[in-house]
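Chemist: No letters, just coordinates:
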């Protein structure tokens, strides 16, 4: 497997996908020097149209020589499924994880995406798109705006990601901290593990090797142990 | 119907349920001057035992002359269901909304709770317990740690509550604001309406009348309109 799983889409300066552009180039078959034919999964987008979302991502990935078509533009689910079997790169954007999973399930895209990635297609996902690569979407931060009819996801990696990871709360707020939420998840799912991935960081997955990249420490959570910091460069294998 | 739906359990000083104690007394049949027999639904609790949770809530409600038994202490689901049909007050505590709904569904408690409340039992809920009273749990802030096998909830009121409402984010954080999350919900569910209920506030439901109480303005959200502030004392009917 060959994947890049980003916590989020923007650098601290607000620039869209620029912070990970070198890593995205390195993910593509030609290292960004030749055109990569890619398919985009736009379904996490809720408050912008999928056409608009695809255009925005296509522009952001053009400097890496990625040529993007969105899966929502195929005339039928069967055509989208067939295209996934042929593509070099699958790009799954962020937004609402529940809607992303619901649409992928309804359209019959989960198995084709999983099989394509296991067959050699690269996978690039951020935020909801990183959660989709996990065994389940149970460690999303998103609001459950639609029922995905089951939380099982692509299961490309053997652990959960919590994107946009921070343990901070707005001043005076009494809701659960992120660490408390993840602790609750691990009480209910004691055999799972979770990587809290701060904004700006990403995971590079090559075969069975997973390494942390970016400016910040991540945090590994397992049931019954204190959260464990992971420095950039750390191997999660 | 006769219900009290609190955003959260603690006042700004951290005291547990004290901020709403007068309102809880007013909810009980005798205004707090005689004992109210109540059943507690502890299933939102994840990181403390249900015994511990029930003891904590029993102590907090003793000053309102509420005598509390937790539904998890009955020998069978049938006994818990029968007790719900007889009780004066149903108390549903906060915690994780997904686990609360999953347990209530598995144990066959949703219909008995709904029927009891429609038959005259009072309902007191906070945080997850307030969300359970809504048509669905789709406006919870919680992490989806377990699959509740459907998001439909008690549907005691005709609108959604977002508890712990705030639009603030930790400094520098790029995840969605609460308003953006609720906007996404309304795009996916355009006929719904949502009350963002800040910490310290609650809704009093008497028959079809709903009024806002507490120190802060709440916010009403409907699809296609700007968020609308609601002052304490406002009627939501």
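Modeler: Now that the structure is in, tell me what you want to look at. Just so we're clear, the structure is a prediction, and the values are computed from it rather than from any experiment.
Chemist: CA only for contacts and neighbour counts going forward, please
Modeler: Will do.
Chemist: Residue numbers of chain A in contact with chain B?
Modeler: When proximity is defined as Cα under 8 Å from any Cα of the partner chain, chain A approaches chain B at A:10, A:12, A:46-47, A:96, A:137-147, A:149-151, A:164, A:168-175, A:181-185, A:187-189, A:199.
Chemist: of those residues, buried ones?
Modeler: A:10, A:46-47, A:96, A:137-147, A:149-151, A:164, A:169, A:173-175, A:181-185, A:187-188, A:199 (16 or more other Cα atoms under 10 Å in any protein chain shown).
Chemist: Take the residues you listed and keep only those in helices.
Modeler: A:181, A:182, A:183, A:184, A:185, A:187, A:188 (DSSP state H).
Chemist: thinking the fifth one is in contact with residue B:145, fair?
Modeler: Same thing as residue A:185. Yes: at 4.8 Å, residue A:185 and residue B:145 qualify as touching, with contact defined as Cα atoms under 8 Å.
Chemist: Overlap of the contact sets of the two?
Modeler: A:138, A:139 (Cα atoms under 8 Å, 6 or more residues apart in numbering or on different chains).
Chemist: Which pLDDT does the model give the residue of chain A positioned farthest from its centre?
Modeler: Taking Cα atoms, centre = their mean as the measure, the residue most remote from the mean C-alpha position of chain A is residue A:172, 31.0 Å away. On pLDDT, residue A:172 comes in at 82.
Chemist: Would you mind listing the residues in contact with it?
Modeler: Taking Cα under 8 Å, 6+ apart, one finds residue B:12 in contact with residue A:172.
Chemist: again, only using 6 Å
Modeler: Going by Cα atoms under 6 Å, 6 or more residues apart in numbering or on different chains, residue A:172 touches no other residue.
Chemist: which one is residue A:181 nearest to, not counting chain neighbours?
Modeler: Spatially, and ignoring its direct neighbours in sequence, residue A:181 is nearest to residue B:143 (6.3 Å; Cα to Cα, 6 or more residues apart in numbering or on different chains).
Chemist: Distance check, that neighbour against residue A:6.
Modeler: Distance from residue B:143 to residue A:6, counting by Cα to Cα, to the nearest Å: 20 Å.
Chemist: Residue A:38 too?
Modeler: 17 Å.
Chemist: between those two, which one's more packed in?
Modeler: Under the criterion of other Cα atoms under 10 Å in any protein chain shown, the comparison of residue A:38 against residue A:6 puts residue A:6 first, with 32 against 26.
Chemist: bridging residues for the more buried one?
Modeler: Following DSSP bridges, residue A:6 is listed with bridge partners residue A:126, residue A:202.
Chemist: Specify the local secondary structure of residue A:104.
Modeler: Classification of residue A:104 by DSSP: H, G, I helix; E, B strand; the rest coil places it in helix.
Chemist: Can you verify my assumption that residue A:64 contacts residue A:27?
Modeler: No: with contacts counted by Cα atoms under 6 Å, residue A:64 stays clear of residue A:27, the gap being 9.8 Å.
Chemist: Neighbours of residue A:204, how many?
Modeler: Other residues lying near residue A:204 total 21 when counted by other Cα under 10 Å.
Chemist: contacting residues around stretch A:9-19?
Modeler: With contacts defined as Cα under 6 Å, 6+ apart, stretch A:9-19 is touched by no residue outside it.
Chemist: Quick one: end-to-end distance for that stretch.
Modeler: End residues of stretch A:9-19 are separated by 8 Å (Cα to Cα).
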